[in-house]
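1. give me a 3D structure for the following:
(one chain, ligands or ions: 1)
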Amino acid sequence: MSQNRSTIFVTGGAGFIGSAVIRHFLDTTDVAIVNIDKLTYASSLDSIPQAAAQSARYALATTDICDAAALQALFARYRPQAVIHLAAESHVDRSIDGPQAFITTNINGTFTLLQEALRHWRALTPAERRSFRLLHVSTDEVFGSLGPEGAFTEQSPYAPNSPYSASKAASDHLVRAWCETYELPCLISNCSNNYGPYQFPEKLIPHMIIKALAEEPLPVYGDGQNIRDWLYVEDHARALHTILAHGRIGETYNVGGRNERTNLNVVETLCGLLDRQQPSDHGARSRLISFVTDRPGHDRRYAIDATKLERELGWRATENFDSGLDKTVRWYLANRPWWQSIQNSGYEAKRLGLAAPD
Ligand code: NAD
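-> Model prediction:
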């Protein structure tokens, strides 16, 4: 790794959004990236193309963000100008089954990262201190559930309903406090549901694509009328770059794609796209949709008002949901080895306490 260029730490860079952020920065800038990732079940190093992974501008540090000594050594070695913090336990259903890992990584891990970032920041020259930034990536789920009207703004009160969103809310508060109390230059972004290439197979869209290809039932929670606001992951990576480069210290920015859809509509649209791109011998795949018992505490509706980011920093989501979903389905059809190797790792069986496949 070259020591002469600007270096950015990306935590959680082997995950879905983190890998998109790394691909984006390597493609569009000349900064060097250190990917700090514990490589949990949710990670995939195959999400970073080989050419990028072998670049002199990229290094992987297989490190737990709860490990203060390891983080301290990384800060001392690479002297980053910025940190984009994405490492987290991110799957709501898992947080209901086993919240401990969410508390450990999302709260204690963020605390540890803040402490080590602060130690690093205080040792910088005044000029370096002025340009340093820590961008904490969070979720709209911290704001709870909306009624049929309106959208979350940066002023919406926090009202998290799941162990996942509660742990993310706690991490947001820690970041805010480290900025206010210690003057560590931090920014926070809260985004809506992401979708796109390289998303882990347990999340809604890839889960449904993979099940539909296997002609298995497509489980939709409750009545399928819960609404999510979808953001294409590459639009999100661009938004994070914009916020890091131009956002005001201490501010929060909402990131959303203005693409509200019911879960049922998403699954029906996926079935239609798959039927067109790879017709089934057994007829329309929408016949596979089956309604299952709702998730406890399932938020009814999320919608993000991204006006502040659009007006202040000039960012705009460019991907329309129908074209983004079409691209995503094509990607999963063309990249079976990526998701099949994850499936073969037995991650699902391990979660359910079943024997992993050989
Ligand atoms: P992901 O689960 O795909 O990836 C998380 C990554 O973090 C994995 O590579 C994992 O190995 C790593 N990680 C987990 N615990 C770690 C630890 N203790 N130390 C170091 N690395 C660790 O998650 P994602 O979907 O890419 O989400 C990234 C961030 O964006 C998260 O903070 C999440 O809360 C937030 N977010 C995600 C969405 C979404 O739709 N995916 C929406 C809003 C906010």
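2. show me where this protein has its strands.
-> With DSSP state E, the ranges of strands along the chain come out as 7-11, 32-37, 58-62, 82-85, 133-139, 186-191, 193-195, 218-221, 227-232, 252-255, 260-262, 289-292.
3. would CSV of those strands with distance to S19, mean pLDDT and mean neighbour count be doable?
-> In this view, the C-beta of every residue, glycine as well, is placed from N, C-alpha and C. Below are the strands of the chain laid out as CSV (distance: least, Cβ to Cβ, whole Å; pLDDT from 0 to 100; neighbours: other Cβ atoms under 10 Å):
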stretch, distance to S19, mean pLDDT, mean neighbour count
strand 7-11, 9, 98, 25
strand 32-37, 8, 98, 26
strand 58-62, 11, 97, 17
strand 82-85, 12, 98, 26
strand 133-139, 13, 98, 24
strand 186-191, 16, 98, 25
strand 193-195, 12, 97, 23
strand 218-221, 26, 94, 19
strand 227-232, 14, 95, 23
strand 252-255, 17, 98, 24
strand 260-262, 24, 95, 18
strand 289-292, 30, 94, 13
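4. can I get the ones you listed in CSV with distance to the ligand?
-> Output for the strands of the chain, formatted as CSV (distance: least, Cβ to the nearest ligand atom, whole Å):
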stretch, distance to the ligand
strand 7-11, 6
strand 32-37, 4
strand 58-62, 9
strand 82-85, 7
strand 133-139, 4
strand 186-191, 5
strand 193-195, 4
strand 218-221, 16
strand 227-232, 7
strand 252-255, 9
strand 260-262, 14
strand 289-292, 21
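5. output the ones you listed as a markdown table; include the columns distance to A169.
-> A markdown table is the format used below for the strands of the chain (distance: least, Cβ to Cβ, whole Å):
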| stretch | distance to A169 |
| --- | --- |
| strand 7-11 | 18 |
| strand 32-37 | 23 |
| strand 58-62 | 27 |
| strand 82-85 | 15 |
| strand 133-139 | 8 |
| strand 186-191 | 10 |
| strand 193-195 | 17 |
| strand 218-221 | 22 |
| strand 227-232 | 18 |
| strand 252-255 | 12 |
| strand 260-262 | 22 |
| strand 289-292 | 27 |
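6. tally of neighbours for the residue of the stretch 1-150 of the chain found nearest the ligand?
-> The nearest approach of the stretch 1-150 of the chain to the ligand comes at G15, 1.9 Å away (Cβ to the nearest ligand atom). When counting by other Cβ atoms under 10 Å, one arrives at 26 neighbours for G15.
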